[in-house]
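Colleague: I need the structure of the sequence given here:
(one chain, ligands or ions: 2)
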Amino acid sequence: MIGRLNHVAIAVPDLLAGVAVYRDTLGANVSQPQPLPEHGVTVVFIELPNTKIELLEPLGENSPIAAFLEKNPAGGMHHICYEVEDIVAAKARLKTQGARVLGDGEPKTGAHGKPVLFLHPKDFTGTLVELEQV
Ligand SMILES: CC[C@H](C(=O)O)C(=O)SCCNC(=O)CCNC(=O)[C@H](O)C(C)(C)COP(=O)(O)OP(=O)(O)OC[C@H]1O[C@@H](n2cnc3c(N)ncnc32)[C@H](O)[C@@H]1OP(=O)(O)O
Ligand SMILES: [Co+2]
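Modeller: Ligands and ions are numbered 1, 2, ... in the order given. The predicted structure is shown next:
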């Protein structure tokens, strides 16, 4: 069901400091910050030859990454995003297998303008999983 690795996301307490690490220290191309108020985060993407890295900073009072950063104040790997061809079919398959789809269970529009869903980390070997329809 899952296809290519779309991105690996890293939550950071200070987005501009994270940008400096990837742009200046590691010599990567980093996008402009993109606020996503409906997701409670501001993101940048780092384009690598074979995938992307997403840096996430909390935005607003109810950010879904706030508790994670309290537990990991220096930041850390937050989620992994796999591509799927049909997100509604993927959701149906996962639900029959007992996996928890987060939020209200309906796909939302992600940072790339495509439908996304999140799956509970406790059902996926301790890793928060994002699915993106491509
Ligand atoms: C969509 C836009 C953009 C894009 O790529 O296009 C993004 O990626 S936005 C990314 C930010 N959005 C989300 O993360 C949405 C989905 N996340 C959630 O719904 C919550 O963060 C959730 C449910 C994963 C955790 O919620 P909360 O932090 O309130 O709950 P707990 O702290 O009680 O956590 C429960 C349990 O899970 C463990 N946990 C939490 N987050 C992670 C994580 N990122 N990776 C691994 N494990 C995680 C946490 O430690 C708790 O474990 P416990 O043993 O009970 O202590
Ligand atoms: Co993501």
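
Colleague: which parts of this structure sit against ligand 1?
Modeller: 9, 36, 39, 41, 43, 54, 56, 64-65, 67-68, 78-79, 81, 102, 110-111, 116, 118, 121, 126-128, 130 (Cβ under 6 Å from any ligand atom). Glycine gets a C-beta too; all of them are placed from N, C-alpha and C.

Colleague: take these and keep only those in helices.
Modeller: Using DSSP state H, the subset of these located in helices is 67-68.

Colleague: ok, and of the residues of the chain next to ligand 1, which contact ligand 2?
Modeller: 9, 54, 81, 130 (Cβ under 5 Å from the ion).

Colleague: for the last one, give its distance to residue 118.
Modeller: If you measure residue 130 against residue 118 using Cβ to Cβ, to the nearest Å, the figure is 5 Å.

Colleague: pLDDT on stretch 43-51, on average?
Modeller: Across stretch 43-51, pLDDT averages out at 98.

Colleague: quick one: end-to-end length of that stretch, please.
Modeller: 16 Å (Cα to Cα, to the nearest Å).

Colleague: and it, what's buried?
Modeller: The neighbour-count check on stretch 43-51 (16 or more other Cβ atoms under 10 Å) flags 43-46 as buried.

Colleague: show the buried residues in the residues of the chain next to ligand 1.
Modeller: For the residues of the chain next to ligand 1, buried by 16+ other Cβ under 10 Å: 9, 36, 39, 41, 43, 54, 56, 64-65, 68, 78-79, 81, 110-111, 116, 118, 128, 130.
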